[in-house]
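> I need the structure of the sequence given here:
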Amino acid sequence: MSNKQQVFSASPFETQFGFCRALKIGSIIQVAGTAPIGADGNTMGVGDPAAQARRCFDIIGESLNALGATYADVVRTRMFLTRIDDWPVIGAVHGEYFAESKPVATMVEVSRLIDPQWRVEIEAEALLEG
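Numbering: from 1, shown residues only. Alright, predicted model coming up:
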């Protein structure tokens with residue numbers, strides 16, 4: 001695929017497991033499950049689901065920007081929570097980033113994520129017009 005562009009982040013899992021943070025093919029951008037990992041590779045916002053969700057969305061935004069997109073281009077998000085009781089807080093953070101564009105969204109509880117300190121992991125899909 002000659003029109004494939006990839007973006008990587010500070011996640012040590014990208015190298016370890018062989019995946020990229022985001023992939024653009026034509027007008028479609030897929031952002032992989034994004035956890036609250038800081039630039040140093042460590043978990044950010046331990047115990048704070050809102051801070052963790054913000055970190056996930058910030059990483060997603062950086063990946064989108066690197067591929068010529070913005071939050072306004074996002075058409076779907078998927079949020080995986082280890083504690084469903086966090087849904088109002090994480091949902092509110094989602095609303096901060098998508099107040100205008102309002103993509104379709106899914107939020108589900110999962111039994112656990114790779115790191116037990118993670119309360120949320122988020123995926124996104126974007127579509128560029130033209």
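> From now on I want contacts and neighbour counts done on CA atoms only, so please keep to that.
Will do.
> doesn't Arg54 fall inside a helix?
Yes. Judged by DSSP: H, G, I helix; E, B strand; the rest coil, Arg54 forms part of a helix.
> Nearest residue to Ile37 in space, ignoring adjacent ones along the chain?
For Ile37, the nearest residue in space outside its immediate sequence neighbours is Thr43; the separation is 4.6 Å by C-alpha to C-alpha, 6 or more residues apart in numbering.
> Count residues in the vicinity of the one you found, would you?
By other C-alpha atoms under 10 Å, the residues close to Thr43 number 18.
> quick one: it and Ala51 touch, right?
No. Thr43 is beyond contact range of Ala51, at 10.7 Å (criterion: C-alpha atoms under 8 Å).
> ok, now how distant is the closest residue to Val120 other than its chain neighbours from Tyr71?
The spatially closest residue to Val120, leaving aside those adjacent along the chain, is Leu81, at 4.6 Å (C-alpha to C-alpha, 6+ apart). For Leu81, the distance to Tyr71 equals 21 Å [C-alpha to C-alpha, to the nearest Å].
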